[in-house]
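# prediction below, plus the sequence it came from.
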Amino acid sequence: MFSKVLAFGLGALALVSAAPASPSFFQLSCSTNFATSVAPAKSFDIEPGNYIIYNVANGAQLRSYTPEQPIFVTLTRDWPGDFAIRMEKTGGKIANVGLRAAAKATYVGPFGKIFATQGNADSYSIEPAGENTFTIKVPDEDLVWAVNSNADRSDVFLKPADGTSETRWAFKRM
């Protein structure tokens, strides 16, 4: 995103001949004010609202059909409903709008699975991961949402952040 803004700005300067004549003098000054913050000192590029959330590794949509069951991804064609992001001081809550069930980590297995719950939900940081993708991260821990991209259906689970496509998510606003 920043590179697009930079390219647009430099292009505009060149059009009006306001760019410095000498290529040895290229200074850039930038001031950014992020109006919404998920956690202290973290930028948040997703506005609160309803989204379809896709895993980058296989393009599968985030789904949950029943409270107290794992949230998962699958490539089937049925409509899973959209998810909403609710902002709070400490982070964002992710919920299935139709179920009115939010995401909560249940620590079964090595790192935990993400379940839909109508009880108390967890807050998550949604952090930029490049190319309009994001990680969904446990605040103050090195754990992110991930899937097994080699399966037709995969429950969402927590694992240490490693930057792979299985840990990156795309958000399409509804």
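Cool, the structure landed.

# ok, now which ones touch Ala129?
Under the criterion of Cβ atoms under 8 Å, 6 or more residues apart in numbering, the contact list for Ala129 reads 135, 163, 167-168. Heads up, the C-betas are built off the backbone N, CA and C, glycines and all.

# again, only this time at 6 Å
With contact set as Cβ atoms under 6 Å, 6 or more residues apart in numbering, Ala129 has these partners: 135, 168.

# quick one: the strands in the protein?
Assigned by DSSP state E, the strands in the chain fall at 49-55, 61-63, 72-74, 83-87, 92-96, 101-106, 113-117, 125-130, 133-137, 143-146, 153-155, 157-160, 169-173.

# comparing those by mean pLDDT, which bottoms out?
Within the strands of the chain, the stretch with the lowest mean pLDDT is strand 83-87, showing a mean of 60.

# need the winner for burial among the strands of the chain.
strand 143-146 (a mean of 26; mean count of other Cβ atoms under 10 Å).

# who does it touch, helix- and strand-wise?
Counting contacts by 3 or more Cβ pairs under 6 Å, 6 or more residues apart in numbering; DSSP states H and E, the secondary-structure elements packed against strand 143-146 are strand 133-137, strand 157-160.

# in CSV: the ones you listed, plus distance to Tyr54.
Converted to CSV, the helices and strands packed on strand 143-146 look like this (distance: least, Cβ to Cβ, whole Å):
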stretch, distance to Tyr54
strand 133-137, 9
strand 157-160, 17
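
# quick one, which of those gets closest to Phe72.
In this view, the helices and strands packed on strand 143-146 are compared for proximity to Phe72 by Cβ to Cβ, and strand 157-160 is the closest at 9.8 Å.
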